[in-house]
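**Q** what follows is a predicted protein model with its sequence.
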Amino acid sequence: MPRRTATMLASLLTLIALLCVGVLIPVPYAEMSPGPTVNTLGEHDGEPVLQISGRKTYPTTGNLNMTTVRVTGSQYRMNLVEALTGWLGHDNLVVPHSTLYPDDKSPDELNQETAEEFSQSQESAKVAALKQLGIPVGSRVVVSSVVKGSPAEGKLHAGDVIKSVDGTEIKQPGDVAKLVTKHQPGEKVAFLIVPAKEAAAAEKEKRQPKGEDTVTLTTTKATDDKRAVVGIQAATDHTFPFSINIKLADVGGPSAGLMFALGIVDKLTPDDLTGGKFVAGTGTIDDNGKVGPIGGVEMKTVGARSKGARYFLTPKDNCAAAAKDRPSGLTLVKVDTIGDALGALQKIRKGDTAGLTQCTAGK
């Protein structure tokens, strides 16, 4: 065999071997890419995303799209070729696997966590929207979770409304722990509650709960110190003067809060917030309308622009990252509160884009 042919054959075999190694060897990385984007003013899987009953709603136009990031699964292990392709790609981001899937949490725990974050984002979006419109929102302290094997298991349940502890009215979730820890482990503590089923029925029927129960528990010692505990987590639950349901399956995390809140405001006011424009965005939101940063903003801007968005509402603390690689034709609008977002939408609606506070590289 001629030397040149032998050299070429050896090189080819080496290349094939390297490719096989690259395909077969897993690497500890995961990939993020642009995910689906959904118009909160429209429908998803044949159902309206925002469903409001018991209050007058108004027609809307345009788009207020929430955005997502698609990630490789927790059990999926990228190979070297995939990782290199992702690193070289423009619209994808390769990150350490532990960034998305910490070693100390199981896939089920992570799924539960993101589902709870999504549920909380919906709740906060409703509260922030109604507060912005001056519509009263009620609140109450409830049992959010019960620790398995604790004194409270089987006696208190998630959703029970906590009226008082040892006769002292409960106004904030923190009040519960303060009153329980006044006891020594082994002492009894009395909870006055409205059972979860009755509380839910009363809210649905727009009436006052009919009954309260006293539940007496014997405290036990906390595993990390000597505090008296009963094994519950308390949280704030809100009551609304009319029904607001958000229907969007297979989405997790808190980052759609801002866009849900804006969609609710749009449906409850006669003004058309977008003026027919295609606006997308992201950001967490708290009960007071404060917008917080999220992960994967670079993927979300790409996904939004690919679907036709012209404007992207960007949390203030995500602006620098988003502006580093802004998709062509997409205006990044900096927002810090729901009020900022509504002000920006007013400018967009009127065509006053010069007045928008835009994201710039570095800030």
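**A** On my side now, so go ahead.
**Q** list the contacts for residue 140?
**A** Shown in contact with residue 140 (C-beta atoms under 8 Å, 6 or more residues apart in numbering): 161, 199, 236-239. The C-beta positions use only the backbone N, C-alpha and C, and glycine is treated the same way.
**Q** try 6 Å
**A** 161, 237 (C-beta atoms under 6 Å, 6 or more residues apart in numbering).
**Q** show me the helices in the stretch 251-363 of the chain, by range?
**A** Under the criterion DSSP state H, counting those that start in this stretch, the stretch 251-363 of the chain contains helices at 257-268, 297-306, 319-324, 338-350.
**Q** may I see the buried residues of the last one?
**A** With burial defined by 16 or more other C-beta atoms under 10 Å, the residues of helix 338-350 counted as buried are 338, 340-345, 347-349.
**Q** what about the helices in the stretch 1-150 of the chain?
**A** 3-24, 80-88, 97-100, 107-132.
**Q** quick check: angle from the longest one to helix 257-268?
**A** For the pair helix 107-132 and helix 257-268, the angle between their directions (axes from the mean of the first three to the mean of the last three C-alpha atoms, to 10 degrees) equals 40 degrees.
**Q** so residue 201 is in which element?
**A** helix 196-204 (DSSP states H and E).
**Q** quick one: average pLDDT of that helix?
**A** What helix 196-204 shows for mean pLDDT is 91.
**Q** any idea of the angle the following helix or strand past it forms with helix 196-204?
**A** Sequence order places strand 213-218 as the next helix or strand after helix 196-204, per DSSP H and E. Counting by the same axes, to 10 degrees, strand 213-218 lies at 140 degrees to helix 196-204.
**Q** distance between strand 213-218 and the chain's centre?
**A** Taking C-alpha atoms, centre = their mean, to the nearest Å, one finds the center of strand 213-218 at 35 Å from the center of the full chain.
**Q** and the residue nearest in space to the middle of the chain, what is it in contact with?
**A** For the chain, the residue nearest the mean C-alpha position is residue 254 (1.0 Å; C-alpha atoms, centre = their mean). Residues in contact with residue 254 (C-beta under 6 Å, 6+ apart) are 117, 121, 284.
**Q** where does it land on pLDDT?
**A** For residue 254, the model assigns a pLDDT of 89.
**Q** related to what we said a few turns ago, quick one: which of the buried residues of helix 338-350 is nearest residue 43?
**A** Distance to residue 43, by C-beta to C-beta, is smallest for residue 345 among the buried residues of helix 338-350, at 21.3 Å.
**Q** mind checking pLDDT for the closest residue to the closest one other than its chain neighbours?
**A** Among residues not flanking residue 345 along the chain, residue 273 sits closest, at 4.7 Å (C-beta to C-beta, 6 or more residues apart in numbering). Looking at residue 273, its pLDDT stands at 96.
**Q** repeat for residue 112
**A** Reading off the model, residue 112 has pLDDT 75.
**Q** what sits against it?
**A** Contacts of residue 112 (C-beta under 6 Å, 6+ apart): none.
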